[in-house]
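Peer 1: The sequence and its predicted three-dimensional model are supplied below.
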Number of protein chains: 2
Amino acid sequence: MKFFFEPRGIAVVGATTSKEKGGNIIVSNLKKGYTGPVYPVNPRYEEIEGFACYPSVADVPDPVDLAIVFVGAHMVPQVIETCAKRGIPGVMIQSAGFSEIGTQGKALQQEAKQIADRTGIRLWGPNCMGLVDAKRRFVFSTVTTSIWETGLPLGNVSLIAQSGMLAGAFLIDLMSHGTMGISKVCSIGNKMDVDENDLLAYLIDDPDTNAIGLYLESFTDCRRFMALSRGTTKPIVILNGGKTTSGASAALSHTASLSANGVIVSGAMAQAGIIQARGFYQLTDYSKTLALYPEISPKRRNRLAVLTYTGAAGIVSADIMDGHDLVLSKLNSTTLDELKTVFPEWMPPSNPVDMWPGIILNGSKKAYQKAMEAVCADPGVDAVFTHCFAGGFSLEIDFEMMAQMAKKAGKPLICWISGERERVHEFQLSAQSLGIPVFREIMRAVECIGILLNRPLVNEVNDPSGKAEEISRTTADGRFDILESGDGQLDECLSKQVLAGCGIPIVEEKQVASLDEALQIANTFGFPLVAKGILPGVAHKTESNLVHLGIVSEDGLKLAIENLQQTMQGRGSILIQKQIQGKIELVAGFVRDPQLGPCIMCGLGGIFAEAINDTAFALAPLTMNDALNMISRLKCQLVLDGYRGLDPVDKNALAHILVSLGNLGCAYSGIQEIDINPLIIDKGQPIAVDALVVLFNEQPDSNS
Amino acid sequence: MKFFFEPRGIAVVGATTSKEKGGNIIVSNLKKGYTGPVYPVNPRYEEIEGFACYPSVADVPDPVDLAIVFVGAHMVPQVIETCAKRGIPGVMIQSAGFSEIGTQGKALQQEAKQIADRTGIRLWGPNCMGLVDAKRRFVFSTVTTSIWETGLPLGNVSLIAQSGMLAGAFLIDLMSHGTMGISKVCSIGNKMDVDENDLLAYLIDDPDTNAIGLYLESFTDCRRFMALSRGTTKPIVILNGGKTTSGASAALSHTASLSANGVIVSGAMAQAGIIQARGFYQLTDYSKTLALYPEISPKRRNRLAVLTYTGAAGIVSADIMDGHDLVLSKLNSTTLDELKTVFPEWMPPSNPVDMWPGIILNGSKKAYQKAMEAVCADPGVDAVFTHCFAGGFSLEIDFEMMAQMAKKAGKPLICWISGERERVHEFQLSAQSLGIPVFREIMRAVECIGILLNRPLVNEVNDPSGKAEEISRTTADGRFDILESGDGQLDECLSKQVLAGCGIPIVEEKQVASLDEALQIANTFGFPLVAKGILPGVAHKTESNLVHLGIVSEDGLKLAIENLQQTMQGRGSILIQKQIQGKIELVAGFVRDPQLGPCIMCGLGGIFAEAINDTAFALAPLTMNDALNMISRLKCQLVLDGYRGLDPVDKNALAHILVSLGNLGCAYSGIQEIDINPLIIDKGQPIAVDALVVLFNEQPDSNS
């Protein structure tokens, strides 16, 4: 990919002398920073913006690694062909008019892709805003703004955007507001060849990139995306547009791409340790914070010292921290004693440290310096959140010194700034140059600190082997044969036999042919019992009067069996189960997503399953870590951890079930869906009480 | 209060010629806008900032309605005394050094308050930043900023702040960034006399105020605050600092005030229709939006048309809307036909309306105008969210025309702006002058639209009578006598008898003295049954082996009773209940909060009660509307509404229970707490299965 990022020479196909046209802006932008030779290509001109112009890309002299193309869509395939012949390795197509405009454009895009497949030339775009490299001052883009001249705010965040807006309008906004330092911005457009994964791989290895932010409306290959993310400690933040139903319908009409199922994608991102944002500024704010403090901590650390010049902001910070898994550091006595030296006697210092009385007494510079020293030395402080004011009254703080102290102590310093507009802007730029993330809103600042301190630890998401654990199962007894031969849905007994074969604990149960046999089983199992009618093709047994719960006597059993026999009228069979008394009902399942492949779900069951919607998803196969992380993402942790005298749920056992489900689904491609519902917790142990395995139908289902 | 807001003359006690000192800044600030006479008071000077200076406030000529005091705290009581004698109705004490600094300051504050109580003079502050009136250009404040000269952004939001920061640093930030138009800003400091309720009452009647935003760390009288809010349709937004545990501990050290219990306060605010914010900018952004569109809709309306120049922003808007109870309007065929006239053929218009192809074809001005016309005319559109860009490339939109169209159609128009810094700032100011709320972040914009369109309807929160419904109960049978005489906790039977006396449905149950009696009851009730042992002072019966559930036969009943008799060893009594089979367990309760008084809770029960924490609070007495609103605030609506074939919960019956609980608690001040747990839903009807009434102890509890 280096020929895209550091080309030795660039041909601009479709260059023109008409100002304000894309073909001219590209050349003008190159002139502002690009240092290699520029070759405008257009048979109508001799010279463009001071560069000699060539009639065809075939005529361009060496060196040339990249052709930036801005001509009518219908001419693009021909240009690519010529570039390939000329031996140019990369073409960046900024023209629009391809798959995003319907049938005709799709055909053009296919034609172009075929040339690439045949010749090996790499295509970036089409319908994109190209590439900006703030460090090298390379602007390969049709975007015109005075910012290119005044200079880009240099930083270590690189962006990959499946929308021209982020590489155009929003980038201009970011740059002119000095919001974030930028390394590279890549607009990938229709990504017909070069896609997010190619760029992600490049940026992961890029020494000028500390964190990568992506706006994507679709994944070319979500699993490769995850693997790349899991293979690096570089923070990756994603805004996945079209995750909700309404967003997805908008996505469909906007691009020629399909949005993958939002909840599954969200689970997959969490599984790979990728941070998820919901808004554009949230994306860049998260990325900025992580780029400035990219190291992953070896352990959880979420204790904050807050230095504020206003008690109200301290209180509000603490309130907001509550929702982001952050706590106030309990300052130790040495720290408190140090603080006392700059505080009036009537004000015992505490955290948040309300500096105002100290400022009045000693001036803001001394007060902040002393406080910063003290909290940096306190081992109970993991990060420092400081509030600054720029303008009007005199809050003079040596912010450079504070930044140095924080760096020396190895503790992230994050700043909230407010004040007069120009002074605030200056402060933002200066803090940025000091490597300190600064925010205009306390809420966003706290949110970013939460993302920073609570991001997954390396060993939680990274999979050093690059592969999931070996798929293992006990197949000796042939219970799995049905998965190869059968189709449609397996009945409850067969489904559970398959699960049992994978080592998933299932409820004690037995199919019986007669009342006598049932009574015999009752002797073995003991009451209470459940009697179920198993009828082929009937998945919802309760609704079909095929479930009798709470059988506590032989009479009750007899009644239940008579009842079932009557309902089934000679068809099906009867299943006797030990009734499990657990108070916690979970669900676990497998689903083969058309785009993402094998996926695992677990969640809260019973009537709350969907109503409260406490579920977690991940892509199979799972490592034990993946499975344990999924479980830790459920909201009902208090219930799982042994609430109100209940046994705590054996999370390892639960994780094993999820891993096994995934392994099973991965081993048998004929499985469409598996549902364990309920998965009841009995004395802390999860037990599959009902289950359903659904195979892909070869023929249309006669029952439906 | 008018003498504070529109004084005919002002004395500044503690005025000085030393620049940068508060006593000088107050006078200088008055000079910039205040039109009445200004009388500096200081025996050491003849003249200050061009005004004649007086040795004492006693010497000041008429007219003088207000004394602004900025002298050492120890001198303040004497100044107040003199002001009272001079007949000045209002004193605004901006000096610090009162209750916020401990014992000595508290004594001074008490002394001052006593003078006010005795003389009737009204005191504002101390420890405050006074008052700013942007319309009149009155600045009664020690804050120095160039903004007073360049002009305040005039608007219809008034703020009340229990923190100088909001009337100082943050106000400067708001003003210089042009974020929000301001009417009045009141800094209430220690609010020893004039409090948030006095100011709220004034601002509710103020024609220059359309919406009121408050930052409070404590309530002087939460119930009066609620009553004021319920008596007006003017939008009120609150940021309640110290709501969480950590925030509250910060609040304690910051001000001399106690934070009321966060969850109850939050419930009380919702009950009164008060919008709650969590951050400073969120507070002002909500207030701004509501001030520009203050009318309350007579019905829910949450359908949005999104006009965007970038598909990505449309998609992201739709995704975010999903979390704020907003939906995309389904545009009707007329609208779509109108849109088609400015769109290329290959792009069928949909919502979000991605304007870009239309912009390319017809220019941004025409495209936006046409689109705005079309969506304004569409009855399926309740509000319009438009995305604008300022700077660089040419997105020229006649925003004034769009604002007019929106006003004419009576549909709120909300705008997201990004672009080059200066151009964005100009756009913000101009949009503000057009009365259009404009935001820099899509997330915040959507959040504010959600607040605007989903705010409670008038009839949901306003209580036209100003009073709750009459407290009613059936007391004829004397079951309530125990509430007057008893203390400590009532046993389960007594507790439920009291509840039954208020019309709360309780489970069928009977106390029995013998097995025979129990068997007789079994005949009447039918199986399954529950047998409980009632022992005085034992609240947790299950843990004490005093509960036998699921008794399904006479043998079982016999066994249970023998068992209970053995456990209780001749003490207590036995209670036989019909076992209720409902799948939904709720809890309901009453608690007398030390600050807020009688409060009602309802929530999800069972093991999920606290683990998932789905509860709602409100202050008693409740109207039926209050109770129904509480229920609607629970997250488990899907479960309540008849999920998966369950009967929907009779919300009116549930609301009646909550109202009755409140009435009971209000009628008997000896009740400390009532707990109905579980409140089981049986065929849609809530039934109290277990209950506990706790009375205040006169003597220490001998059991504890």
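Peer 2: Nice, I can see it.
Peer 1: Show me which residues of the stretch 501-650 of chain A sit near chain B.
Peer 2: Along the stretch 501-650 of chain A, the residues adjacent to chain B under the rule CB under 8 Å from any CB of the partner chain are A:543, A:550, A:552-553, A:583-584, A:606-608, A:610-612, A:614, A:635-639, A:643-646. (C-beta placed from N, C-alpha, C; glycine too.)
Peer 1: now, which of the residues you listed lie within strands?
Peer 2: Among those, the ones falling in strands (DSSP state E) are A:Gly550, A:Ile584.
Peer 1: Turn the buried ones among the residues of the stretch 501-650 of chain A next to chain B into a named PyMOL selection, would you?
Peer 2: The PyMOL selection below is limited to those of those classed as buried (16 or more other CB atoms under 10 Å in any protein chain shown):
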select buried, chain A and resi 552+553+584+606+607+608+610+611+612+614+635+636+639+643+646
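Peer 1: quick one: low-confidence parts of chain A?
Peer 2: Low-confidence regions of chain A, defined by pLDDT under 70, span residues A:244-261, A:296, A:298, A:392-394, A:458-478, A:485-487, A:539, A:608-611, A:698-704.
Peer 1: measure the closest residue to A:Ser364 other than its chain neighbours to A:Arg137 for me?
Peer 2: Distances taken as CB to CB, 6 or more residues apart in numbering or on different chains place A:Leu395 nearest to A:Ser364, at 4.8 Å, with adjacent residues excluded. For A:Leu395, the distance to A:Arg137 equals 36 Å [CB to CB, to the nearest Å].
Peer 1: Which one of the two is surrounded by more residues?
Peer 2: It is A:Leu395, of A:Leu395 and A:Arg137, that has more neighbours when counted by other CB atoms under 10 Å in any protein chain shown, with 21 against 16.
Peer 1: Would you map out the domains in chain A?
Peer 2: A:1-127, A:129-294, A:303-460, A:468-506+A:581-704, A:508-578 (automatic domain parsing).
Peer 1: Report the distance from the second one to the chain centre.
Peer 2: Yep, that's domain A:129-294 we're talking about. Domain A:129-294 has its C-alpha centroid displaced from the chain centroid by 12 Å (CA atoms, centre = their mean, to the nearest Å).
Peer 1: Endpoints of that domain, how far apart?
Peer 2: Start-to-end span of domain A:129-294 (CA to CA, to the nearest Å) is 28 Å.
Peer 1: and the end-to-end length of stretch A:300-312?
Peer 2: From the first residue to the last, stretch A:300-312 extends over 28 Å; the measure is CA to CA.
Peer 1: list the buried ones in it?
Peer 2: Buried residues in stretch A:300-312 (16+ other CB under 10 Å): A:Asn302, A:Arg303, A:Leu304, A:Ala305, A:Val306, A:Leu307, A:Thr308, A:Tyr309, A:Thr310, A:Gly311, A:Ala312.
Peer 1: which among those are in contact with chain B?
Peer 2: Restricting the buried residues of stretch A:300-312 to contacts with chain B (CB under 8 Å from any CB) yields A:Tyr309, A:Thr310, A:Gly311, A:Ala312.
Peer 1: what's the last one sitting at in phi/psi?
Peer 2: When quoted as degrees, to the nearest 10, the phi and psi of A:Ala312 stand at phi -60, psi -40.
Peer 1: Tell me which residues touch the closest residue to it other than its chain neighbours, please.
Peer 2: Nearest in space to A:Ala312, with sequence neighbours left out and distances taken as CB to CB, 6+ apart, is B:Ser163 at 3.4 Å. Each residue near B:Ser163 by CB atoms under 8 Å, 6 or more residues apart in numbering or on different chains is listed here: A:Thr310, A:Gly311, A:Ala312, B:Ser187, B:Tyr215, B:Glu217, B:Gly241.
Peer 1: Please tabulate the residues you listed in CSV and include distance to A:Ala513 and secondary structure as additional columns.
Peer 2: Output for the contacts of B:Ser163, formatted as CSV (distance: CB to CB, whole Å; DSSP: H, G, I helix; E, B strand; the rest coil):
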residue, distance to A:Ala513, secondary structure
A:Thr310, 79, coil
A:Gly311, 77, helix
A:Ala312, 76, helix
B:Ser187, 84, strand
B:Tyr215, 74, strand
B:Glu217, 74, coil
B:Gly241, 71, coil
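Peer 1: for those residues, which one is nearest B:Ala11?
Peer 2: B:Ser187 (19.3 Å; CB to CB).
Peer 1: list the contacts for that closest one?
Peer 2: Residues in contact with B:Ser187 (CB under 8 Å, 6+ apart) are B:Cys128, B:Met129, B:Gly130, B:Leu131, B:Ser141, B:Ala161, B:Ser163, B:Gly164, B:Leu166, B:Ala167, B:Gly168.
Peer 1: thought the last one was touching B:Thr144?
Peer 2: This points to B:Gly168. No. B:Gly168 is not in contact with B:Thr144 according to CB atoms under 8 Å; the separation is 9.5 Å.
Peer 1: which secondary structure elements does the host helix or strand of A:Leu131 contact?
Peer 2: Assigned by DSSP states H and E, A:Leu131 falls within strand A:130-133. For strand A:130-133, the packing partners by 3 or more CB pairs under 8 Å, 6 or more residues apart in numbering or on different chains; DSSP states H and E come out as helix A:2-5, strand A:138-140, strand A:182-187.
Peer 1: Other residues contacting the second one?
Peer 2: Strand A:138-140 is contacted by residues A:10, A:26, A:29-30, A:32-34, A:66, A:68, A:92, A:130-133, A:148 when judged by CB under 8 Å, 6+ apart.
Peer 1: Which residue ranges of the stretch 401-550 of chain A form helices?
Peer 2: Assigned by DSSP state H, counting those that start in this stretch, the stretch 401-550 of chain A shows helices spanning A:421-433, A:442-454, A:458-461, A:481-485, A:492-501, A:515-525.
Peer 1: Is chain B within reach of stretch A:16-30?
Peer 2: No. Figure legend: stretch A:16-30 not in contact with chain B (CB under 8 Å from any CB); closest approach 8.5 Å.
Peer 1: ok, back up a step: what distance do you get for the residue nearest to A:Ala312 to B:Ala201?
Peer 2: Distance of B:Ser163 to B:Ala201, given as CB to CB: 21 Å.
Peer 1: Now stretch A:38-49: buried residues?
Peer 2: Neighbour counts over stretch A:38-49 (16+ other CB under 10 Å) mark A:Val38, A:Tyr39, A:Pro40, A:Val41, A:Asn42, A:Tyr45, A:Ile48, A:Glu49 as buried.
Peer 1: tell me which of these is nearest to A:Ile671?
Peer 2: Ranked by distance to A:Ile671 (CB to CB), the buried residues of stretch A:38-49 are led by A:Val41 at 54.6 Å.
Peer 1: isn't that closest one right next to A:Ala11, touching?
Peer 2: Yes. Taking CB under 8 Å as the definition, A:Val41 is a contact partner of A:Ala11 at 5.4 Å.
Peer 1: residues bridging contact with those two, i.e. touching both?
Peer 2: Residues touching both A:Val41 and A:Ala11 by CB under 8 Å, 6+ apart: A:Tyr54, A:Val57, A:Val60, A:Ala67.
Peer 1: How about the residues of the stretch 251-400 of chain A by chain B?
Peer 2: So the stretch 251-400 of chain A meets chain B at A:251, A:253-255, A:278-282, A:309-316, A:318-323, A:327-328, A:344, A:346-348, A:350, A:352, A:354, A:389, A:391-393 (CB under 8 Å from any CB).
Peer 1: cutoff 7 Å now
Peer 2: Residues of the stretch 251-400 of chain A found near chain B (CB under 7 Å from any CB of the partner chain) are A:251, A:253-255, A:278-282, A:310-316, A:318-322, A:327-328, A:346, A:350, A:352, A:354, A:389, A:391-393.
Peer 1: what residue is smack in the middle of chain A?
Peer 2: A:Met269 (3.3 Å; CA atoms, centre = their mean).
Peer 1: okay, now the closest residue to that one other than its chain neighbours: neighbour count?
Peer 2: Nearest residue to A:Met269 in three dimensions, chain neighbours excluded: A:Gln276, at 5.3 Å (CB to CB, 6+ apart). Neighbours of A:Gln276 under the rule other CB under 10 Å: 17.
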